[in-house]
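# Just to be clear, the model below is a prediction. Sequence and coordinates:
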Amino acid sequence: MTFRDRAHAGVLLAKELAAYRGDPNALILALPRGGVVVGYELSVALHLPLEVFLTRKLRTVNNPDCAIGAVSETGALYVNQEALGTFQLSSEDIEELVLGEEGELRRQRALYRQGRPLSALANRTVILVDDGIATGATLFATITSMAALSPRRVIVAIPVAPQETGARIRPLVDQCLILTTPEPFSTVGALYTEFEPVTDSQVLALLEAAHRECAKPPSLSWI
C-alpha cells in the first residue's frame with residue numbers, strides 16, 4: 001500500500017476508525033508537524049477535536065539522522081537502549097540532549113497553542129496520530145506521557161510502520177491501527193508519492209480549520 005500524500009493517509013485511517021465518529025469523549029492528538037496533516041483529515045471525517053502533542057527526538061551532533069530517544073512536553077523520556085549502547089552515551093549526555101530540545105518544545109507550545117493549555121485527557125479516548133514511524137521514538141515518549149494524563153483509552157493511528165515497531169507498540173495501548181507494515185522497511189517517505197516538509201504556518205492553518213469544522217453540526221454524509 002502506498003499513499004498519495006498525508007491527507008490521503010488520513011482519509012484511509014478515518015474509514016477504519018468510523019466507530020469513534022462524533023464520540024463526545026474522544027479527541028485527536030497529532031504529533032507535529034506531519035501528523036497534523038493526517039490528524040486534520042481524521043478530525044473532519046470523524047467530527048472530533050484536533051490538538052497537538054509535542055514530542056522531540058533526541059539526536060547527537062555526530063549522528064543527526066539517528067534518534068536515540070525522545071522527550072515529550074510533559075517531560076516523559078524514552079531512550080532507545082540499543083542506540084544508547086551503540087553511541088556510548090551517559091545519563092549526563094542524555095540530560096544535555098533533553099535540555100537542548102526544551103527551547104523548541106517551549107516555542108512550539110507557544111506557537112501552536114497560542115497560550116491555551118493542553119485539554120484535560122482524563123477519562124477520554126485519545127487517538128494518537130502521526131504520518132508514520134520508523135524507530136518510533138517520539139511515539140514511545142508520547143505513549144509514556146499518557147500514563148500521567150489518565151485517558152480512558154489510548155488509540156494509535158499510523159499509516160505506516162515497520163512490523164517490529166508495530167509489534168512493540170501494540171501491548172502498550174488499547175488499540176493500534178497501522179495501515180501498512182512493509183518489509184523490508186526503508187523510510188516513511190518511501191510509502192508516499194508526495195511527502196513534502198510541513199511548515200509551522202501549515203500546522204496553524206490546519207488547527208484553526210479543524211476548530212472551525214468541529215464547531216459546526218456534524219454532517220450526515222460519510223467519507
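Done, it's in. Residues are numbered from 1 along each chain as shown.
# For the residue nearest the centre of the chain, give me its contacts.
Central residue of the chain (C-alpha atoms, centre = their mean): residue 31, 3.1 Å from the mean position. Contact analysis of residue 31 by C-beta atoms under 8 Å, 6 or more residues apart in numbering lists 52, 53, 55, 128, 129, 130, 138, 139, 142. For every residue, glycine as well, the C-beta is placed using N, CA and C.
# so what's residue 193 up against?
With C-beta under 8 Å, 6+ apart, residue 193 has these contacts: 2, 3, 4, 5.
# By residue count, tell me the biggest strand in this protein.
Looking across the chain with DSSP state E, the single longest strand is strand 153-160.
# Paired strands for it, with orientation please.
Paired strands of strand 153-160, with direction, are strand 125-129 (parallel), strand 175-180 (parallel) (DSSP bridges).
# Residue 18 versus the residue nearest to the centre of the chain, what's the distance?
Distance, residue 31 to residue 18, by C-beta to C-beta, to the nearest Å: 22 Å.
# Which residue ranges of the protein form strands?
Counting by DSSP E, the strands of the chain are 26-30, 50-52, 55-59, 67-72, 77-79, 125-129, 153-160, 175-180.
# Need those in a markdown table (columns: mean pLDDT).
Shown next, in a markdown table, are the strands of the chain (pLDDT from 0 to 100):
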| stretch | mean pLDDT |
| --- | --- |
| strand 26-30 | 98 |
| strand 50-52 | 98 |
| strand 55-59 | 94 |
| strand 67-72 | 93 |
| strand 77-79 | 95 |
| strand 125-129 | 98 |
| strand 153-160 | 98 |
| strand 175-180 | 98 |
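# closest to residue 113 out of the ones you listed?
Among the strands of the chain, the nearest to residue 113 by C-beta to C-beta is strand 50-52 (7.5 Å).
# re the thing from before, with mean neighbour count and distance to residue 44 added, can I get the strands of the chain in a markdown table?
Shown next, in a markdown table, are the strands of the chain (neighbours: other C-beta atoms under 10 Å; distance: least, C-beta to C-beta, whole Å):
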| stretch | mean neighbour count | distance to residue 44 |
| --- | --- | --- |
| strand 26-30 | 26 | 10 |
| strand 50-52 | 24 | 9 |
| strand 55-59 | 23 | 24 |
| strand 67-72 | 25 | 26 |
| strand 77-79 | 21 | 30 |
| strand 125-129 | 26 | 13 |
| strand 153-160 | 24 | 14 |
| strand 175-180 | 18 | 18 |
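# JSON lines please, covering the ones you listed and showing distance to residue 197.
Below are those laid out as JSON lines (distance: least, C-beta to C-beta, whole Å):
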{"stretch": "strand 26-30", "distance to residue 197": "16"}
{"stretch": "strand 50-52", "distance to residue 197": "17"}
{"stretch": "strand 55-59", "distance to residue 197": "15"}
{"stretch": "strand 67-72", "distance to residue 197": "17"}
{"stretch": "strand 77-79", "distance to residue 197": "24"}
{"stretch": "strand 125-129", "distance to residue 197": "18"}
{"stretch": "strand 153-160", "distance to residue 197": "17"}
{"stretch": "strand 175-180", "distance to residue 197": "22"}
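# can you tell which of the ones you listed is closest to residue 13?
strand 153-160 (4.9 Å).
# CA-only coordinates of that closest one in PDB, if you can.
Extracted in PDB, the C-alpha atoms of strand 153-160 (Å, rounded to 0.1, in the frame of the first residue of the first chain):
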ATOM      1  CA  ARG A 153      -8.400   4.600  26.200                       C
ATOM      2  CA  VAL A 154      -5.300   5.300  24.000                       C
ATOM      3  CA  ILE A 155      -5.500   4.500  20.300                       C
ATOM      4  CA  VAL A 156      -2.600   4.800  18.000                       C
ATOM      5  CA  ALA A 157      -3.400   5.500  14.300                       C
ATOM      6  CA  ILE A 158      -0.500   5.400  12.000                       C
ATOM      7  CA  PRO A 159      -0.300   5.000   8.200                       C
ATOM      8  CA  VAL A 160       3.000   3.100   8.100                       C
END
